[in-house]
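[1] Need a 3D model of the following:
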Amino acid sequence: MAEERNGSPTDGRRSSPLWYKIFGTFWVALDPKKLLLAAAGIFAMWLGWFCLSWLFMEIRHKPQRDEFTAERFQKTDITPEEAKRRADEAYFIADQRYQFMSSLAGKDPDGYFRVAPWDEYRGPNPVLMVARHLRVGGDTTTSREARFFDWILSPQAKFLVEPLAKLLSPMMCLFSPHADGWAWVYLILIAVWAAAVWAFFGGAITRIAVVQLSGQGSVTLMESLRFVASRYLHYFAAPLVPLLFVAGLTILSIILFGLIHLIPWIGELYDIIVWPFTFLIGLAMAFILVGLVGFPLMYPTISAEGSDAFDALSRAYNYVYQSPWYYAWTSLVAVLYGCLVVFVVVFMGSLVMYLTKWSVSQTPGTEYFMSRRVDHLYIHAPKSFGWRELLVSVPDLKPEASKAAHDEYMKENVSTVNPFASYLIAIWTTLAFMFVIGFGYSYFYTAGTMLYLLMRRHVDESELDEVYLEHEEPEEPMMPPAPAPTSTPPGVTMVEPPGLRQPTAPSSESPPA
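    Numbers count the residues shown, from 1 in each chain. Coordinates of the predicted model:
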């Protein structure tokens, strides 16, 4: 393999701002290869999270009140009232920890890390929102779901940074006062699995994007996967190394300060003397965690430079802290533009599904036979982005009926109608939905790649088209083997070279007369 970096050399002069190039990431993110990688990554991440959540909830025991009796805490040096108070407090703490774990991994209601991506709440459906807005005629008293800018700035902004949130949210949950030992193990495994999945799929997306955005042509899906596979450990380690540093600083703080703090008298004196040093550890942890906003730059660094995790970390932190305002500005532009294009993609995907269902439902007679209503084929459609609400209309309920009433009606009236066909339709609908939400992830990594190229030019003055490429060299033909010696053909006399002949002594006999 030959390695080269393509691009024109920089002349050291800064040109006009190039942040407007972010607006060109829409079509790049809409590449089917990236959508396929994003959809596969979303499903793989959820599958691992579901298995971990099921396992940890199965081994988790729900605390019962009768397990925390006063007799259990009764001691000779405390009163019965104090023992009862301690029992109540212990039960309250145990219940809080169980509820916290249930909110993350529980089944009913679905925990944050357990809920399927097609059932996760991501805001109202754009088609329904536009329809309600047109129906009310722009009245300012319309519901919050019908307000476009509220929808853009609230659920859609969260959806755009969902890849970053999915990676950091397990670490943030570790700081909860209700997290115990089992919750810590669970959250660490959740974070590691997310990093492992997106190191592969996210890295492949950024590799395809960086070649396209730099104008160096395109790479195939298999080429991008081979590129990531050869550097997988670097992609995997880049976002985890800062978190390991935070964990190391936490352990250092526990050893140097926490354990000694437990010693009576000595702990108080020790706290007075060395407690200011704990601020330095806290400052270092804050510096590391805040710098993680540069996570969108880590994968593109490896994809563009062909380098390692250390280079990804150093560039990401250097760009964020050396030019924070430019990074904040370009990120803001990417988020606002992303909200707009996500609205378009989700709207078009929802409209395609609705028109497909609507056109079939216009068949004469379908509304008069309960068992043949087309809506019943979508009773298992994805709940996210309000697709089930869009595709299933309940005739006995008003449009403003609550979602709970809507689900209860379907459960009682249409849950047994066309069950086999409804599950098959749900598979196709869910596949289409995965590509729709996959666009959000594809845009996140594509826009992050563009941000990296812009930050690299702004800080290092490197041209946008300077990227690491790999080309296959044609293999040199092997030298033909030397021919094997052959036997001397008959009738041919072998003559020694002159230089190898031995001189002969003159004969003493005279020649005959």
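
[2] Gly106 and Phe113 touch, don't they?
    No. Using C-beta atoms under 8 Å, Gly106 makes no contact with Phe113, being 9.8 Å away. No exception for glycine: its C-beta is placed from N, CA and C like everyone else's.

[3] so what's Leu297 closest to, chain neighbours aside?
    Ala316 (4.3 Å; C-beta to C-beta, 6 or more residues apart in numbering).

[4] Give me the pLDDT value at that neighbour.
    According to the prediction, Ala316 has pLDDT 90.

[5] Show the contacting residues for it.
    By C-beta atoms under 8 Å, 6 or more residues apart in numbering, Ala316 lies in contact with 238, 291, 294-295, 297-298, 301.

[6] And the furthest pair within these?
    Taking C-beta to C-beta as the measure, the contacts of Ala316 reach their widest spread between Gly291 and Thr301, a distance of 13.8 Å.

[7] Please identify which of the contacts of Ala316 is nearest to Ser393.
    Phe295 (41.9 Å).

[8] per-residue pLDDT, the closest one?
    Confidence per residue is given as pLDDT, and for Phe295 that number is 86.

[9] do the one 3 residues further on as well
    What the model reports for Met298 is a pLDDT of 92.

[10] Quick one: buried ones out of the contacts of Ala316?
    Those of those that meet the buried threshold are 238, 291, 294-295, 297-298, 301, by 16 or more other C-beta atoms under 10 Å.

[11] Closest to Gly215 out of those?
    For Gly215, the closest of the buried ones among the contacts of Ala316 turns out to be Thr301, at 18.8 Å, with distances computed as C-beta to C-beta.

[12] Check for me that that closest one belongs to a helix.
    Yes. The assignment for Thr301 is a helix, going by DSSP: H, G, I helix; E, B strand; the rest coil.

[13] show me the residues around it that make contact.
    Thr301 is in contact with 238, 307, 311-312, 315-316, 452, counting by C-beta under 8 Å, 6+ apart.

[14] hmm, 7 Å instead?
    Remark: with contacts taken as C-beta atoms under 7 Å, 6 or more residues apart in numbering, Thr301 is in contact with 307, 311-312, 315-316, 452.

[15] Give me the spatial nearest neighbour of Ser331, chain neighbours excluded.
    Of all residues beyond its chain neighbours, the one nearest Ser331 is Leu451 (6.6 Å), with distances taken as C-beta to C-beta, 6+ apart.

[16] Return stretch 26-37 as CSV; C-alpha atoms alone will do.
    Presented in CSV, the C-alpha positions along stretch 26-37 are these (Å, rounded to 0.1, in the frame of the first residue of the first chain):
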residue,chain,number,x,y,z
PHE,A,26,-26.7,18.0,3.5
TRP,A,27,-26.3,16.1,0.2
VAL,A,28,-23.1,14.5,1.5
ALA,A,29,-25.0,13.3,4.6
LEU,A,30,-27.8,12.0,2.4
ASP,A,31,-25.4,9.4,0.8
PRO,A,32,-27.1,5.9,1.0
LYS,A,33,-23.8,4.4,2.2
LYS,A,34,-23.8,6.7,5.2
LEU,A,35,-27.5,6.2,5.9
LEU,A,36,-26.9,2.4,5.9
LEU,A,37,-23.9,2.7,8.3
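
[17] Can you name the residues in contact with stretch 220-227?
    Among residues not part of stretch 220-227, those counted as contacts by C-beta under 7 Å, 6+ apart are 33, 204, 207-208.

[18] hmm, try it at 10 Å
    In this structure, residues lying in contact with stretch 220-227 by C-beta atoms under 10 Å, 6 or more residues apart in numbering are 31-34, 36-37, 200-201, 203-211, 218-219, 302-303, 306, 468, 470, 472.

[19] if I look at the residue nearest to Leu297, how far off is Thr25?
    If you measure Ala316 against Thr25 using C-beta to C-beta, to the nearest Å, the figure is 19 Å.

[20] got it, and Gly111?
    Look at Gly111 and Thr25: by C-beta to C-beta, they are 33 Å apart.

[21] need the strands for the protein, in chain order.
    2-6, 467-471 (DSSP state E).

[22] rank these by pLDDT, which is bottom?
    Across these, strand 2-6 gives the lowest mean pLDDT, at a mean of 47.

[23] okay, and the common contacts of Gly106 and Phe113?
    Contact criterion C-beta under 10 Å, 6+ apart; residues shared by Gly106 and Phe113: Ser53.

[24] Could you list the low-pLDDT ranges of the stretch 251-400 of the chain?
    Along the stretch 251-400 of the chain, the model assigns pLDDT under 70 to residues 254-256, 258-262, 267-268, 270-271, 365-372, 394-400.

[25] Would you tell me which helix is longest in the protein?
    helix 419-460 (DSSP state H).

[26] what about that one, average pLDDT?
    90.

[27] for it, the distance to its chain's centre please.
    A distance of 10 Å separates the C-alpha centroid of helix 419-460 from that of its chain, computed with C-alpha atoms, centre = their mean, to the nearest Å.

[28] quick one: Ile427 and His380 touch, right?
    Yes. In this structure Ile427 lies within contact range of His380 using C-beta atoms under 10 Å: 9.0 Å.

[29] who's more crowded, these two?
    For Ile427 against His380, the residue with the higher neighbour count under other C-beta atoms under 10 Å is His380, and the figures read 20 against 10.

[30] who touches the spatially closest residue to that one that is not a sequence neighbour in this structure?
    Closest residue to His380 apart from its sequence neighbours, by C-beta to C-beta, 6+ apart: Ala426 at 3.7 Å. When contacts are counted by C-beta under 10 Å, 6+ apart, Ala426 is found next to 118, 377-382, 388, 433.

[31] Most widely separated two among those?
    Every pair in these was compared (C-beta to C-beta); the two farthest apart turn out to be Trp118 and Leu377, at 16.2 Å.

[32] Look at Asp375 and say how many residues are nearby.
    Burial of Asp375 is recorded as 19 neighbouring residues (other C-beta under 10 Å).

[33] From Tyr354, how far out is it?
    For Asp375, the distance to Tyr354 equals 11 Å [C-beta to C-beta].

[34] hang on, the earlier thing: look at Gly106 and Phe113 and report which has more neighbours.
    Summary of the neighbour comparison: Gly106 and Phe113, criterion other C-beta under 10 Å, with Phe113 having more neighbours (26 against 20).

[35] buried sites along stretch 42-54?
    Across stretch 42-54, burial judged by 16+ other C-beta under 10 Å covers 42-46, 48-50, 52-53.

[36] With pLDDT and distance to Val346 added, can I get those residues in TSV?
    Compiled in TSV, the buried residues of stretch 42-54 are given as follows (pLDDT from 0 to 100; distance: C-beta to C-beta, whole Å):
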residue	pLDDT	distance to Val346
Ile42	94	15
Phe43	95	18
Ala44	95	22
Met45	94	20
Trp46	93	19
Gly48	94	26
Trp49	93	23
Phe50	93	24
Leu52	92	29
Ser53	90	27
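
[37] Which member of these is positioned nearest Pro242?
    Proximity of the buried residues of stretch 42-54 to Pro242 (C-beta to C-beta) peaks at Met45, which lies at 20.0 Å.

[38] Count the neighbours of the residue nearest to that closest one when sequence neighbours are not counted for me.
    What sits nearest to Met45 in space, not counting adjacent residues and going by C-beta to C-beta, 6+ apart, is Val197, at 4.6 Å. Summarising burial for Val197: neighbours were counted as other C-beta under 10 Å, giving 23.
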